[in-house]
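Participant: Take this sequence and fold it.
(2 chains)
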Amino acid sequence: MERLNVLKTYKIYIGGKFPRTESGRFYTPLNKKGEQLGHICLSSRKDVRNSVVAARKAFGGWSERAAFNRGQILYRIAEMLEGRKSQFIEELIFQGSTKAQAEKEVNLSIDRMVYYAGWCDKYTQVLGSINPVASSHFNFSMHVPQGVIGVIAENSTSLIGLVSLVAPIIAGGNTCIVVASKELPLCAITFAEVLNSSDVPGGVVNILTGESKEMIKPLTEHMDVNGMIYGGSNKKIVQQLRESAALNLKRIQTYDEDWMKEDAQNLYMISDCQEVKTTWHPIENIGGATSSY
Amino acid sequence: MSILKKNKTFSIPDFTQSPCIDKVGVEERVARFQTRSIKSTTKMQGLKMILNMIDLTTLEGKDTPGKVKQMCFKAQHLHDVHPGLPNVAAVCVYPSMVETAVKAVEGSGVNVASVSTAFPSGQAPLDIKIRDTKFAVSQGADEIDMVISRGKFLSGEYNYVFDEIATIKEACGKARLKVILETGELVTLDNVRRASDIAMYAGADFIKTSTGKIQPAATLQVTYTMLEAIRDFKLATGIQIGMKPAGGISNSKLALHNLVMVKEVLGGEWLTNEWFRFGASSLANDVLMQIMKAETGIYQSADYFSKD
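Facilitator: Below is the predicted model:
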């Protein structure tokens, strides 16, 4: 007798837990061969609301962690990705990639995670500055995380797009809510399982699946979201983001990159989700022969 | 034995015979209150009602006159960006802060409530508790929140607990007396019911769940049990007693479910701040955010509301 396949219910990821969507809805995307990818949660605006609460709660602890420790945790994510490589490759092939493409995508995702893990305790030194001023002040600028970031992942990439967008955000001490690709959602939830087993505190990354059209507005308008990242080039989405973000003047970054390129990663993706804090520290004399600064 | 209270004479029941509470039944009933969906205009009305029922509270060892003044300001200016919001019912402070609070809320209609009787433990001799209460009243407190002696209660000395409440009631003078049962330490719902009965017969104007220092605090189960006791007391004596759940009610949804419960157990008569209060510190901001969300359609951030 032929065995009946058991389809996995890919649940969403909020605050370190895997709940079903509050709305109880799901959808069943198909691959190019017409096979069902799985039953995927069709998240609602209330799931958005719950994830923002979780991300805000996690922000304090995550941003105050030692930078070195954040690096260790990001590296741990890479290790866990490596351990579940075959599952990711299978899912990518199931979603329609060729074997070679899938292997390349997974390898590149792991390497990209390691790349940003390395930056965690270095970006402030490179980006920060000591500024010349005309008064008796020691004046320096440093980068501090923006806060809670909303991420709209591009529809056409699965794992690599997600990793490329999320890694620099959390490397910089932010927390985020990710709206995953609607057509290719499998890797997003498996990635959540990786995050959940790699010392990333619950709420630092929250992943929702479903119709982005439904979630962009409540997420971007949300007063407790400090910035938005969009990985894609759809003009309608960009327009919607700009309109909704105007309410609390949150910053929007759009990236229209081919994430499969090896150099589609850089330090400035970290600084895009940072605010510059400048401190004026009064001192007796600066720059003179008697100054110790 | 019979006593005279509010010009009514009635006999004191035997408190060892207070009704037993069916815990499973209470849980089922309470679960049904939580399934009520309250939307649009009803929700808005409920939210404003909640604001008006809050006893804004600060009861910490680190309280300073500055902190109390700040809270009193908040009590009268919940969110000035939105005109037409009600004030809270009262501010609740330690006796040493009553003078500061009275000055700060003068003329606003906001009452000053003071905890007393060696709050939160209540482990002090009776004469000290009386002085504590009289001090708070003399400083201008409109309401007194006393704690019962849980140790005495648990060792079965119901008469001691009864007499203590009656004595403090006398010391309160014109101030309304809220009696804190500290249900988290009473362990069973049977005990909650018995303590409620004792407090009401001894002269409480309000019965209150918790100090906020012990977990669990105001669970719906406990509040429900106390509301039933209030209803039975009203039926037996004709006297209306107020209810104040305190501690652990930090979001609007739970507060709304409390209102539903009051309405369905006791009726609309209790839905004013004269008969129902929430003891809370962070509830007000959540309610304000819900009001703003309902009016603008946009989820709010605590960054744009005054700190608790």
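
Participant: which outside residues touch stretch B:267-283?
Facilitator: For stretch B:267-283, the external contacting residues (Cβ atoms under 8 Å, 6 or more residues apart in numbering or on different chains) are B:49-50, B:52-58, B:89-90, B:92, B:178, B:206, B:208, B:210, B:212, B:218, B:240, B:242-247, B:249-252, B:255, B:258-259, B:262-263, B:308. All C-beta spots, glycine's among them, are computed from the backbone N, C-alpha and C.

Participant: Need phi/psi at the residue of chain B found nearest chain A.
Facilitator: With Cβ to the nearest Cβ, the shortest gap between chain B and chain A falls at B:S301, namely 3.5 Å. Per-residue torsions, B:S301: phi -120, psi 140 (degrees, to the nearest 10).

Participant: Flag every residue of the stretch 1-150 of chain A that's near chain B.
Facilitator: A:V48, A:R49, A:V52, A:R56 (Cβ under 8 Å from any Cβ of the partner chain).

Participant: So which of the contacts of stretch B:267-283 are in strands?
Facilitator: B:I54, B:D55, B:L56, B:T57, B:A90, B:C92, B:K178, B:F206, B:K208, B:G242, B:M243, B:K244 (DSSP state E).

Participant: middle-most residue in the chain, spatially?
Facilitator: No chain was given, so I picked chain A. Nearest to the geometric centre of chain A sits A:V166, at 2.0 Å (Cα atoms, centre = their mean).

Participant: The intended chain is chain B.
Facilitator: Nearest to the mean C-alpha position of chain B, by Cα atoms, centre = their mean, lies B:K244 at 2.4 Å.

Participant: Now do the contacts for that one.
Facilitator: Contact analysis of B:K244 by Cβ under 8 Å, 6+ apart lists B:D55, B:K178, B:F206, B:I207, B:K208, B:T209, B:F276, B:R277, B:F278, B:G279.

Participant: most neighbours, which of the ones in strands among the contacts of stretch B:267-283?
Facilitator: Counting neighbours by other Cβ atoms under 10 Å in any protein chain shown, B:C92 comes out on top of the ones in strands among the contacts of stretch B:267-283 with 31 neighbours.

Participant: list the contacts for that residue?
Facilitator: B:D55, B:L56, B:T57, B:T58, B:L59, B:A113, B:S114, B:V115, B:D145, B:G279.

Participant: Save the residues of the stretch 1-150 of chain A next to chain B as a markdown table, and put in neighbour count, secondary structure and pLDDT too.
Facilitator: Converted to a markdown table, the residues of the stretch 1-150 of chain A next to chain B look like this (neighbours: other Cβ atoms under 10 Å in any protein chain shown; DSSP: H, G, I helix; E, B strand; the rest coil; pLDDT from 0 to 100):
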| residue | neighbour count | secondary structure | pLDDT |
| --- | --- | --- | --- |
| A:V48 | 29 | helix | 97 |
| A:R49 | 17 | helix | 96 |
| A:V52 | 25 | helix | 97 |
| A:R56 | 20 | helix | 97 |
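
Participant: which of those lies closest to chain B?
Facilitator: Distance to chain B across the residues of the stretch 1-150 of chain A next to chain B (Cβ to the nearest Cβ) is lowest for A:R49, with 5.6 Å.

Participant: What residues does that closest one make contact with?
Facilitator: A:R49 makes contact with A:P218, A:H222, B:Y299, according to Cβ under 8 Å, 6+ apart.

Participant: ok, now how distant is it from B:T117?
Facilitator: Here A:R49 is placed at a distance of 42 Å from B:T117 (Cβ to Cβ, to the nearest Å).

Participant: Over to B:T223?
Facilitator: Noted for B:T223: a distance of 22 Å to B:T117, by Cβ to Cβ.

Participant: between those two, which one's more packed in?
Facilitator: Taking other Cβ under 10 Å, B:T223 and B:T117 do not tie; B:T117 has more neighbours (30 against 26).

Participant: Check the contact between the more buried one and B:I168; I expect there is one.
Facilitator: Yes: B:T117 is within contact range of B:I168, at 6.1 Å (criterion: Cβ atoms under 8 Å).

Participant: where do the contact lists of the two overlap?
Facilitator: B:K129, B:T133, B:M146.

Participant: so which strand or helix has the second one?
Facilitator: In this case it means B:T133. Assigned by DSSP states H and E, B:T133 falls within helix B:126-138.

Participant: Using PDB, write out every CA atom in that helix.
Facilitator: Taking C-alpha atoms only, helix B:126-138 is exported to PDB below (Å, rounded to 0.1, in the frame of the first residue of the first chain):
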ATOM      1  CA  LEU B 126      -3.300  46.800  66.100                       C
ATOM      2  CA  ASP B 127      -2.600  50.200  67.700                       C
ATOM      3  CA  ILE B 128       0.100  50.900  65.100                       C
ATOM      4  CA  LYS B 129      -2.400  50.000  62.400                       C
ATOM      5  CA  ILE B 130      -5.000  52.400  63.900                       C
ATOM      6  CA  ARG B 131      -2.400  55.200  64.100                       C
ATOM      7  CA  ASP B 132      -1.300  54.500  60.500                       C
ATOM      8  CA  THR B 133      -4.900  54.800  59.400                       C
ATOM      9  CA  LYS B 134      -5.700  58.000  61.400                       C
ATOM     10  CA  PHE B 135      -2.500  59.600  60.100                       C
ATOM     11  CA  ALA B 136      -3.500  59.000  56.500                       C
ATOM     12  CA  VAL B 137      -7.000  60.300  57.200                       C
ATOM     13  CA  SER B 138      -5.700  63.400  59.000                       C
END
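
Participant: buried stuff in that helix?
Facilitator: For helix B:126-138, a neighbour-count test (16 or more other Cβ atoms under 10 Å in any protein chain shown) marks B:K129, B:I130, B:D132, B:T133, B:K134, B:F135, B:A136, B:V137 as buried.

Participant: Same check on stretch B:53-70?
Facilitator: In stretch B:53-70, counting by 16+ other Cβ under 10 Å, buried: B:M53, B:I54, B:D55, B:L56, B:T57, B:T58, B:L59, B:D63, B:V68, B:K69, B:Q70.

Participant: which stretches of the stretch 1-150 of chain B form helices?
Facilitator: Secondary structure of the stretch 1-150 of chain B (DSSP state H, counting those that start in this stretch): helices at B:23-33, B:40-53, B:65-76, B:98-105, B:126-138, B:150-154.

Participant: mind checking how far B:L254 is from B:L283?
Facilitator: Distance from B:L254 to B:L283, by Cβ to Cβ: 9 Å.
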